[in-house]
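Participant: Return a 3D structure for these sequence lines:
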Amino acid sequence: MRTITQHTFGGPEVLTIVDAPEPRPRPAEVLVRVKAIGLNPLEPRLRAGEFPLLGPPPFVLGWDISGVVEEAQTWRFRPGDEVFGMPLFPRAAGGYAEFVAAPALHLARKPASLSHVEAAALPIAGLTAWQGLVDLGGVTEGDRVLIHGGGGGVGHVAIQLAKARGAHVITTAGGSKRAFVEGLGADEVVDYAEADFTEVVGDVDLVLDTIGGDTAWRSLDVLRPGGHLVTAVAEEDTELIAKFEAAGRRFSGVGVDPDPVALRGLVDLVDEGKLRVHVAETFPFERIADAHRLIERGHLQGKVVLTV
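Facilitator: Here you go, the predicted structure:
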């Protein structure tokens, strides 16, 4: 099979296509013939060596996959089933490949209404949003929820998930994305280039932070007493944690992990017409370097996906 690997840290040019042995599924696993691979902002950072999640190269990046079961060592799926998921994260899953062996519990049946490209864009973004808003945040009807970066991969799913749970949704987004996030259900949109969100937003029950840095710090100013910051990017900032706790606000960091219950919850929302996935651009397998360059430029609307 073909796989995309790297033998050194560096720029997108270090990603190379090589032939590798097809993986063999273990008991309780399936072999998936991959049709599409969702890309995430984390992956260019790992490629560049910004932090050692996978250790030193060589390694194969990638977690978000959608494809067809080729072989099953489990009763949960049969050959021919269309599946998607985020296997093994944060361990290496070898997702940038034509075949992936994955635990059956880390996959779900692909919704019929989603293409493989759309399904591959959902797992990491969707599970991050679910674990942040539902598992940690406990968002319920009537809550005021502020989602930073509503036009991005996690943010655009989070808007729809919060709306499905009956929340009043406020989001920060660039002016060019206003129509997009309003179409997803955002009740209020703050253009971060035109206004300081701390001056126009207040009395928030929960903030979902996908930006970090100064944005996470300033979110304290918009939370009501007892309000909750859930961050996907600053979860280990001890100084930030101490500041929120001293102010009587709650702080949680969400580090996404495989979750069959949440994955099926996302499938249910798709099937009910309450969740759609936006793909900003697709690239063929051979143009992985170009896909990484696009992600590194930032300000994407939705997700980037490789087709196999």
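Participant: where along the stretch 51-200 of the chain do the helices fall?
Facilitator: Using DSSP state H, counting those that start in this stretch, the helices of the stretch 51-200 of the chain run over residues 116-120, 123-130, 153-164, 178-184, 197-200.
Participant: ok, then the element right after the last one?
Facilitator: On the C-terminal side of helix 197-200, the nearest following helix or strand under DSSP states H and E is strand 204-209.
Participant: List the buried residues of the helix or strand that that following strand is followed by.
Facilitator: For strand 204-209, the following helix or strand on the C-terminal side (DSSP H and E) is helix 214-218. Buried residues in helix 214-218, counted by 16 or more other CB atoms under 10 Å: 215-217. Just so you know, the C-beta spots here come from the backbone N, C-alpha and C atoms, and that holds for glycine as well.
Participant: just stretch 9-22 next, same as before
Facilitator: The neighbour-count check on stretch 9-22 (16+ other CB under 10 Å) flags 12, 14-15, 20 as buried.
Participant: Can you report phi and psi for Leu53?
Facilitator: Phi and psi for Leu53, reported as degrees, to the nearest 10, are phi -60, psi -40.
Participant: Distance-wise, check it relative to Phe84.
Facilitator: 22 Å (CB to CB, to the nearest Å).
Participant: Compare these two (neighbour count), which wins?
Facilitator: Neighbours were counted for Leu53 and for Phe84 using other CB atoms under 10 Å; Phe84 has more, 28 against 14.
Participant: thought the more buried one was touching Val117?
Facilitator: No - the pair Phe84 / Val117 is not scored as a contact, 10.5 Å apart, by CB atoms under 8 Å.
Participant: The closest residue to Pro27 other than its chain neighbours: how many residues sit nearby?
Facilitator: Of all residues not flanking Pro27 in the chain, Gln73 sits nearest, at 5.1 Å (CB to CB, 6 or more residues apart in numbering). A count of nearby residues for Gln73, using other CB under 10 Å, gives 16.
Participant: For Gln73, give me its contacts.
Facilitator: Counting by CB atoms under 8 Å, 6 or more residues apart in numbering, Gln73 touches 25-30.
Participant: May I have the predicted confidence score for the closest residue to Leu133 other than its chain neighbours?
Facilitator: Nearest non-adjacent residue to Leu133, counting by CB to CB, 6+ apart: Val139, 4.7 Å away. In this model, Val139 is scored at 98, pLDDT.
Participant: and Val139, how many neighbours does it have?
Facilitator: Residues lying near Val139 (other CB under 10 Å) number 26.
Participant: And for Ala93?
Facilitator: 24.
Participant: so it sits right up against Phe99, yeah?
Facilitator: No - with contacts defined as CB under 8 Å, Ala93 does not count as touching Phe99, sitting 11.7 Å away.
Participant: In this structure, which residue sits furthest out from the middle?
Facilitator: Most distant from the centre of the chain: Ala246, at 30.3 Å, with distances by CA atoms, centre = their mean.
Participant: Include pLDDT when you put the buried residues of helix 214-218 into TSV, please.
Facilitator: Below are the buried residues of helix 214-218 laid out as TSV (pLDDT from 0 to 100):
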residue	pLDDT
Thr215	92
Ala216	90
Trp217	92
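Participant: Adding distance to Ala242, write those residues out as a markdown table.
Facilitator: Below are these laid out as a markdown table (distance: CB to CB, whole Å):
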| residue | distance to Ala242 |
| --- | --- |
| Thr215 | 18 |
| Ala216 | 13 |
| Trp217 | 12 |
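Participant: any idea which of the residues you listed is closest to Leu294?
Facilitator: Thr215 (22.8 Å; CB to CB).
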